[in-house]
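**Student:** show me the folded form of this:
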Amino acid sequence: MTRFDKSIDKTLMSDGRSNLQRRFYDIRNNKIFELFVITIIIFSALMIGANSYQVSPTTLQIFTFLDGIITTIFLVEIVIRFIGEPNKKRFFHNAWNLFDTFIVLVSLIPIDDSEMAVLGRLVRIFRVLRMVSIVPELRILINSLIKALPQLGYVMLLMFIIFYIYAAIGSTFFAEINADLWGNITISLLTLFRVMTFEDWTDVMYETMTVYPLSWIFYLTFIFFTAFAFLNMVIGIVVNVLEQERQIEADLLNEHDQQPTMKELQRELSEIKALLKAQNKPH
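**Tutor:** Numbering: from 1, shown residues only. From the prediction side, this is the model:
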């Protein structure tokens, strides 16, 4: 038997394991399975909210029992995703997989009067965030926001410079009018944030206009730079990165759809093996 025949036999012997992985891969990508997990996450969040009220001991026991069932379901779901992963060595290279596994493992801590119970309750609250790792659209949004942070950093730096300049001007001219709003540069920064978010900013403007009638220019130019220009720049950067992430996700899906299935590979290997055996027969 040639080395090529041995490699083919080795591949065919692993078909059972490959079929099992394929089944779990289909399960984890199944929409019904995804909706089921999302439903369990929502139910877990509702149960956490209900547990914040004063409940009877019987209801508390029911909540504890249901929490155990939810944790078991999450554990099974992680196992399914791990077995269905084509490249298991890179499963934990994904930050979302690490997050989900950590949440599920810490959820195994029983809720009692021990010190670890506080961590267990806190982690159960964060189980709601597992919705991000389950729903691809939410995952794309979070990844886009994270990847946009370096570009947003420069916009935020420029915005802080504008804030600082206007705060210095405001504390210089308006401190005598209202020290509670313009007493120093730190308080002025908070006041300008109030102006940027349009929280009763006209009251602040009219108060300074009683002494400086043209102070409206100060407020309008500040609002134009921050609320209009810079915030639109932030939105534009996030939307641009979001479109890039959607394109990358679409390319990956297309690449996966174009790959031959396991059954097709098995059929081609069988044909190659039969052809080689036919060629090795004596004429």
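
**Student:** low-confidence regions, the stretch 51-200 of the chain specifically.
**Tutor:** 109-120 (pLDDT under 70).

**Student:** which parts of it are helices?
**Tutor:** Using DSSP state H, counting those that start in this stretch, the helices found in the stretch 51-200 of the chain span residues 57-83, 95-107, 116-126, 130-134, 136-174, 179-182, 185-196.

**Student:** output those in CSV; the columns should cover distance to residue 89 and mean neighbour count.
**Tutor:** All C-beta spots, glycine's among them, are computed from the backbone N, C-alpha and C. Below are the helices of the stretch 51-200 of the chain laid out as CSV (distance: least, Cβ to Cβ, whole Å; neighbours: other Cβ atoms under 10 Å):
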stretch, distance to residue 89, mean neighbour count
helix 57-83, 11, 15
helix 95-107, 12, 17
helix 116-126, 26, 14
helix 130-134, 19, 19
helix 136-174, 21, 15
helix 179-182, 58, 16
helix 185-196, 48, 18
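
**Student:** phi first, then psi, for residue 219.
**Tutor:** Backbone torsions of residue 219, given as degrees, to the nearest 10, read phi -70, psi -40.

**Student:** and the angle for the helix or strand containing residue 41 with helix 95-107?
**Tutor:** Here residue 41, judged by DSSP states H and E, is contained in helix 31-51. Orientation of helix 31-51 against helix 95-107 (axes from the mean of the first three to the mean of the last three Cα atoms, to 10 degrees) gives an angle of 50 degrees.

**Student:** how close does the residue lying closest to residue 200 once chain neighbours are set aside sit to residue 66?
**Tutor:** Closest residue in space to residue 200, ignoring its immediate chain neighbours: residue 194 at 7.3 Å, by Cβ to Cβ, 6 or more residues apart in numbering. Residue 194 sits 45 Å away from residue 66, going by Cβ to Cβ, to the nearest Å.

**Student:** domain assignment for the protein?
**Tutor:** 3-134, 140-262 (automatic domain parsing).

**Student:** and residue 270, which of those is closest to it?
**Tutor:** Within those, the stretch nearest residue 270 is domain 3-134; the backing value is 7.8 Å (Cβ to Cβ).

**Student:** tell me how far the closest one lies from the chain's centre.
**Tutor:** Here domain 3-134 is found 16 Å from its chain centre; the criterion is Cα atoms, centre = their mean, to the nearest Å.

**Student:** nothing else from me, thank you.
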